[in-house]
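Chemist: pasting the sequence and the predicted coordinates here, then a few questions.
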Amino acid sequence: MITMPARKPRRSAAATREKPLLLDRAAAKRRLADDTYDVVVIGGGITGAYAVLDAVSRGLRAALVEKDDFASGTSSKSSKMVHGGLRYIEQGNVNLVRHSLLERHRFRKNAPHLVHRLPFLFPILEKEGIFDARLAKGFEGLLWTYDLVGGWRIGKLHQRLSVPEVLAQAPTLRAENLRGGLMYFDARTDDARLVLTIVRTAAALGATVLNGVRADGLLMQGGRVSGARVSVDGDSFDIRARAVVNATGVWTDELDAKADDGHQPQVRPAKGVHIVVPWEKVRINCTVTVPIPGRARRATCTRWGNSVVLGTTDEDYRGSPDDVHCTRQEMDFLLEGANTAFEGKLTPDDVVGSIGGLRPLVGGKEGATLDMRRDHHITVGRTGMVTVTGGKLTTSRHMGELVIDKVMAVLGRKGSSRTTNLPLLGGAGYDAEAVAASGGIAAHLGERFGTEARFVGDLIQDDPSLAEPIVAGLPYTRAEVVYAARAELARSVDDVLSRRTRARLFARDASADAAGAVGAILGRELNLTEAEVERSVADYLAAVRHEKSVLLEGATA
């Protein structure tokens, strides 16, 4: 039996529920085809998710559609940091840092089960480091600025560490040039899980949300955008709306061109990649920032359970936005940085997972993408479509607020945002200490579902076999696959193993071994035919093979 921590008093009807929110795909399709909405948001990443949540929380009749799966683009392939951004202070963008740190605080308050404090360590090296002891004094001044403009809200100020204290956190760091370290505090999140939770919170408040919905065109009435013509599950129909939001990230220009024949491309995609290695190969207890030989960019090595995530790069990208992977060259680049900083020798054979994603940067075609500002851009086109680009995960709530401010102007309505203090599903009453103390499956579920973990626990109580892991070596249970099908609009093996869980990232090959079992569960839950199950499994195995071929064999992505 699983005993979940006691719940605190109700704070929000959407945030604390007596029964699980079960999302019905067929019912959502009927509503999209039959209803007229105040606003339809196209694009199910972090920005679109918070836009639809902001809209429905203001009382608008709102819908969100996504052509693939929620967070399947950039929003599941980020650095997974909820942070102010030290680099932005270095660029002189202190206002972005101040605002980001305020939004970080709001995330930790509204989604305490998903956004966790994370220590960052900068080793001070005598040579071949990010900075030496002399430069460290100047960098500490930057950390004081970070603390003062909002870093203090996380409950800890930065610290200067001795050599033994650094090695206690990162015992495999090469010690010959080590002179100490600086530690400050930010936060991290499972980005795909966060997006899904925002989407589900919007659905709990009455929004219609659906994945697998491709916008083939835009409806026009009197020279104004009035909805979208979509394809979903082999059907085509029109979604009627008084306002449309383009939140499609790196696909923004493609949709804007459907609304305005004279549209000029604005988005400059920047590619970032991460690789994952087993924790025992590095044995760090925090995020360690290390230099890359011969490069200005520093890399981060972050512990995540029994894994370490290494990233990231920041380069122009000119390939297909639908096929982005970490390449052999990029993997070697990150391994070189880690091997320079740590004892031992990481090799390509140690890499158990990888991701590649694109940042939708706006505002410049010249210079390095690393130096481009991460501010967001929100415009209203001549046909009335609201388009949002740029920005970053940490400020997504505020971006959603500003987007719906524009929508309200298009609609000629008034009403202020309510998301500043709106808990996400599973967040209200969540007690992190009680969850951690419970241990085992209860702790695992609590840190993924918050107070809603009891609904997954109920599945296991009804059928104890669902407590079994679905992927060897990872804590994800069979119950989570059942819940993904019933309550999280999972349609495919990839939806489950890449985003509802993060098995593909943390154990790529083991996840492939589990594809058949996941497909069988989805088949039973979704009434899929045998051929549909086989296709879903085959598609996942083919995607894994392609990822490995790009990563290990030097193919191009």
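Modeler: Yep, that arrived.
Chemist: in the stretch 251-400 of the chain, which spans are strands?
Modeler: Secondary structure of the stretch 251-400 of the chain, counting by DSSP state E, counting those that start in this stretch: strands at 267-278, 287-291, 298-304, 307-311, 315-316, 353-362, 376-380, 386-390.
Chemist: could you list every helix and strand in contact with the helix or strand hosting Lys406?
Modeler: In this structure, Lys406 sits in helix 396-411 according to DSSP states H and E. Under the contact definition 3 or more CB pairs under 8 Å, 6 or more residues apart in numbering; DSSP states H and E, helix 396-411 sits against strand 39-42, helix 46-57, helix 94-110, strand 376-380, strand 386-390. C-beta: built from backbone N, CA, C; applies to glycine.
Chemist: my read: Ala443 touches Val435, true?
Modeler: Yes: applying CB atoms under 8 Å, one finds Ala443 in contact with Val435, separated by 5.6 Å.
Chemist: neighbour-wise, which of the two wins?
Modeler: The residue with more neighbours, out of Ala443 and Val435, is Val435; 22 against 18, by other CB atoms under 10 Å.
Chemist: the more buried one sits in which helix or strand?
Modeler: According to DSSP H and E, Val435 maps onto helix 432-438.
Chemist: C-alpha coordinates for that helix, CSV please?
Modeler: C-alpha atoms of helix 432-438 as CSV (Å, rounded to 0.1, in the frame of the first residue of the first chain):
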residue,chain,number,x,y,z
ALA,A,432,8.3,18.7,0.0
GLU,A,433,9.7,17.5,3.3
ALA,A,434,6.9,15.1,4.0
VAL,A,435,7.2,13.7,0.5
ALA,A,436,11.0,13.3,0.7
ALA,A,437,10.6,11.5,4.1
SER,A,438,8.0,9.1,2.7
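Chemist: list the buried ones in that helix?
Modeler: Buried residues in helix 432-438, counted by 16 or more other CB atoms under 10 Å: 435, 438.
Chemist: same for the following helix or strand past that helix, what does it pack against?
Modeler: Using DSSP H and E, the helix or strand that follows helix 432-438 in sequence is helix 440-449. Packing partners of helix 440-449 (3+ CB pairs under 8 Å, 6+ apart): helix 432-438, helix 453-462.
Chemist: distance to Asp147 and mean pLDDT added to those helices, as TSV?
Modeler: Below are the helices and strands packed on helix 440-449 laid out as TSV (distance: least, CB to CB, whole Å; pLDDT from 0 to 100):
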stretch	distance to Asp147	mean pLDDT
helix 432-438	23	88
helix 453-462	34	97
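Chemist: Val309 against Thr302, yeah?
Modeler: Yes: with contact defined as CB under 8 Å, Val309 and Thr302 form a contacting pair (4.8 Å).
Chemist: who's in contact with Thr501?
Modeler: By CB atoms under 8 Å, 6 or more residues apart in numbering, the contact set of Thr501 is 470-471, 474, 476, 480, 484.
Chemist: rebuild those as a markdown table, extending it with secondary structure and pLDDT.
Modeler: Shown next, in a markdown table, are the contacts of Thr501 (DSSP: H, G, I helix; E, B strand; the rest coil; pLDDT from 0 to 100):
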| residue | secondary structure | pLDDT |
| --- | --- | --- |
| Ile470 | coil | 98 |
| Val471 | coil | 98 |
| Leu474 | coil | 97 |
| Tyr476 | coil | 98 |
| Glu480 | helix | 98 |
| Ala484 | helix | 98 |
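Chemist: what's the farthest-apart pair in the residues you listed?
Modeler: The distance between the two most remote of those (CB to CB) is 14.7 Å, for Leu474 and Ala484.
Chemist: on that earlier part again, what average pLDDT does the helix holding Lys406 get?
Modeler: Across helix 396-411, the average pLDDT comes to 98.
Chemist: low-confidence ranges in the chain?
Modeler: Within the chain, the set of residues satisfying pLDDT under 70 comprises 1-16, 128-135, 293-297, 363-374, 554-557.
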